[in-house]
Structures are given as structure tokens and as C-alpha cells.
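Undergrad: Got a sequence here, can you build the structure:
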Amino acid sequence: MEPNENPLPVAGISPRTAALVAGLGLLAMAVLAAFANFYILPTLVVPGDAAGTAANIEASAGLFRVAITCFLIVAILDIVVAWALYLVLKPANGSVALLSAWFRVVYAAIFAVAVNNLFGVLHLLTGAGYLGAFGADQVQAQVMLDLSAFRSGWDIALVFFSLHLFLLGYLVFVSGYMPKWLGILVVVSALGYLIDAFGAFLLPSYGLSIASVTFVGELVLMVWLLWKGVRGIDIRPAPG
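TA: Predicted coordinates for the structure are as follows:
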């Protein structure tokens, strides 16, 4: 194969199409996750106030269901994006690209399990009559426990997500057809998630959010994939 000749599409999917699918998936996830996590939940959840939180969710159960739906769609899109990124980066190193994709799939699975805790909150506040055996204080306390379990589960999932990003950044860096600086930014994003996740595990009072700054690498990757999905991506692995 000549150096400037693109490889054949994988399973009928061209690199351009795969890049576009990955970029659009990342864009949709960014919108849905931001809407659910930074608008809906802060509107309903009052930190340290179990009664207020329960009352808010009970009064706006429909909005809370929208948040759950957004999170579930995000989990599904994560699997689609894992597949698309695998196709884009398989020419760089097929085995590493596969491992990177699997880390993202595991992240999506753990995240989906974490979201199940939000269904538990709905069942407690709008569910079956047998819950009448519990006092209001008990139900409210369980609501806060389920919300905390959702966050803890997400933190565990982010460890696997950071491993995905580490490998993804490496693949971008060595690919020869994607900018090396983009690979570095993605690795920095991975570090941010990893520090935040282990900070939450090891320090009960951990209140930093390093990922809120380092996520820029993911944003730039999304823009690059969308651009290449529209303009076309030229797969030219680095020689040697």
C-alpha cells in the first residue's frame, strides 16, 4: 500500500463515517449529561436536606425521569462511541484500540448500574403501597443514600473511563494521522478524572473538580472528529 493511500473501510464503515459517528455521539452525550447533571439534579437535590430533596423530587417526578432517561441514553451512546473510536484508531494499534474500547464499554455498564439507584429514588417516592410501612424519615434517608450510591457508582465508573482516555490519548499520539498535541490533551483529561475519582475515595471531604478543567481535551477531540467526519480523514500511520 502506498503511504498516501487510505486503508479499506472496516466492516463497510469508512474512517470518515466512524469519525463523524464518534463526534456526533460525543456531542449528544455532552448536551444530555450536562442537562441532567448540571441543571436537573442541582435543581432538585438539596445537599444535606433529605426532606427538601424528597419533596422536590416528588413534586417534579417527571423532570427527574427526564434526567434518568438522559443518563441512560448517555450510557448507550458511550458504547456506540467506543465502537466508532475503535474503528478510527484501529490502524494505529488494533489491540490497544480494542482494549481502549472495552474500558469504555465497562465504564458504560457500571454507569448504567449506578443510574439504577435513581430508579430506586423514584420507587421510594412514587412507588408501591408497601412502602407505607416505612416512616417519612426513613424514606427520605434512603433517598439520600440512593443518590449518594449513584455518585459513588459514577466515581467507580470514571476510573475505567480514565483508563480508556489514557489509551485513547496514546493511540492519538502515535497514530501518525492525528495531532500529537491532541493525544497529550486527552491524556491530561484522563488524569483529571483519575485524580477526582480517587480523591473522592480517599478523602471524605474532597471537594475539587479537576476534570471540570482538564475535560478540554475531550472537547477538542470531539471538534476534531466532527471536522474530519465532514471533511474526510486521511489514515496515514506513522512509519516505523
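Undergrad: who touches residue 51 in this structure?
TA: Taking CB atoms under 8 Å, 6 or more residues apart in numbering as the criterion, residue 51 is in contact with 136, 140. Where you see a C-beta, it was placed from the backbone N, CA and C, and this is true even at glycine.
Undergrad: now swap in residue 99 and tell me
TA: residue 167.
Undergrad: and it, what helix or strand is that in?
TA: Secondary structure assigned from DSSP states H and E places residue 99 in helix 94-126.
Undergrad: what is the mean pLDDT for that helix?
TA: Taken as a whole, helix 94-126 carries a mean pLDDT of 95.
Undergrad: So what's the gap between that helix and the chain middle?
TA: For helix 94-126, the gap between its own C-alpha mean and the chain's C-alpha mean amounts to 9 Å (CA atoms, centre = their mean, to the nearest Å).
Undergrad: Can you name the next helix or strand after that helix?
TA: helix 136-175.
Undergrad: Show me the shaky parts of this structure.
TA: With pLDDT under 70 as the threshold, the chain has low-confidence stretches at 1-11, 127-134, 236-240.
Undergrad: Please give me every residue in contact with the most centrally placed residue in it.
TA: When CA atoms, centre = their mean is applied to the chain, the residue found nearest the centroid is residue 78 (6.4 Å). Residue 78 sits next to 29, 104-105, 107-108, 111 when contact means CB under 8 Å, 6+ apart.
Undergrad: Just the buried ones out of those, please.
TA: Under a neighbour-count criterion of 16 or more other CB atoms under 10 Å, the subset of the contacts of residue 78 counted as buried comprises 29, 104-105, 107-108, 111.
Undergrad: out of those residues, who's nearest residue 57?
TA: Using CB to CB, the shortest approach to residue 57 within these belongs to residue 111, at 20.3 Å.
Undergrad: which residue sits closest to the closest one in space, ignoring its chain neighbours?
TA: Distance criterion CB to CB, 6 or more residues apart in numbering; nearest residue to residue 111, sequence neighbours excluded, is residue 157 at 4.4 Å.
Undergrad: Now for residue 234, how many residues are close by?
TA: Look at residue 234: counted by other CB atoms under 10 Å, it has 12 neighbours.
Undergrad: For it, which three-state class applies?
TA: Recorded secondary structure, residue 234: coil (DSSP: H, G, I helix; E, B strand; the rest coil).
Undergrad: circling back: go through the buried ones among the contacts of residue 78 and say which is closest to residue 41.
TA: Nearest to residue 41, judged by CB to CB, of the buried ones among the contacts of residue 78 is residue 111 at 14.6 Å.
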